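Asker: Dropping the sequence and predicted coords here.
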Amino acid sequence: MKTISVRHKGKIICTAMHCNNLLTRSLGLMLRKKQSALLELPAESRAFAGIHTFFMLFPIDVAWLDSKCVIVSVKQRIRPCRIAQAEKPAKYILETPAGAISLKQGQKLAFLHSGHLRNL
């Protein structure tokens, strides 16, 4: 699985696993002992996109981003075996270990993939 750097105001705030297909999105962070970040890249925007933390071993923070990479919804400290849903439609989902970075609604993020800064 490839990694991608997540940036805010020009600074790298985390490195995330790049989940861009059905298999990697389905497995996500399930059963991983190492606390790492995950960026889901669905093919289309999803109204009120949801996630689950079944089979996860640690709590996470989740940010949902629109097509312009602006955070439209944030949920913090989601414990294992829970379900969470965005309050607005989202195209991207960023999952990070709880408390690893501070994400707020309205922040604009960018992704650095293979040495090129771009909105995916």
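Answerer: Ah, there it is.

Asker: can you tell me which residue is nearest the centre of this protein?
Answerer: residue 94 (0.9 Å; Cα atoms, centre = their mean).

Asker: Quickly list what residue 60 is bridged to.
Answerer: Beta-bridge pairing for residue 60 (DSSP bridges): residue 78, residue 97.

Asker: contacting residues for it?
Answerer: Residue 60 is in contact with 29, 53, 77, 78, 95, 96, 97, 98, counting by Cβ atoms under 8 Å, 6 or more residues apart in numbering. C-beta: built from backbone N, CA, C; applies to glycine.

Asker: Can you say which helix or strand has residue 80 in it?
Answerer: For residue 80, there is no enclosing helix or strand under DSSP states H and E.

Asker: burial count for residue 2?
Answerer: For residue 2, the neighbour count with other Cβ atoms under 10 Å is 11.

Asker: so it makes contact with residue 18?
Answerer: Yes. The pair residue 2 / residue 18 is scored as a contact, 4.4 Å apart, by Cβ atoms under 8 Å.

Asker: anything in contact with each of these two?
Answerer: Common neighbours of residue 2 and residue 18 (Cβ under 8 Å, 6+ apart) are residue 113.

Asker: Mind picking out the helix or strand in the protein with the poorest mean pLDDT?
Answerer: Lowest mean confidence among the helices and strands of the chain (mean pLDDT, DSSP states H and E): strand 116-118, at a mean of 49.

Asker: who touches residue 13 in this structure?
Answerer: 6, 7, 101, 109.

Asker: tell me which of the contacts of residue 60 is nearest to residue 64?
Answerer: residue 95 (10.2 Å; Cβ to Cβ).

Asker: Just name whatever secondary elements the helix or strand where that closest one lies is in contact with.
Answerer: In the assignment (DSSP H and E), residue 95 maps to strand 92-97. Here strand 92-97 touches strand 11-19, strand 37-40, strand 60-65, going by 3 or more Cβ pairs under 8 Å, 6 or more residues apart in numbering; DSSP states H and E.
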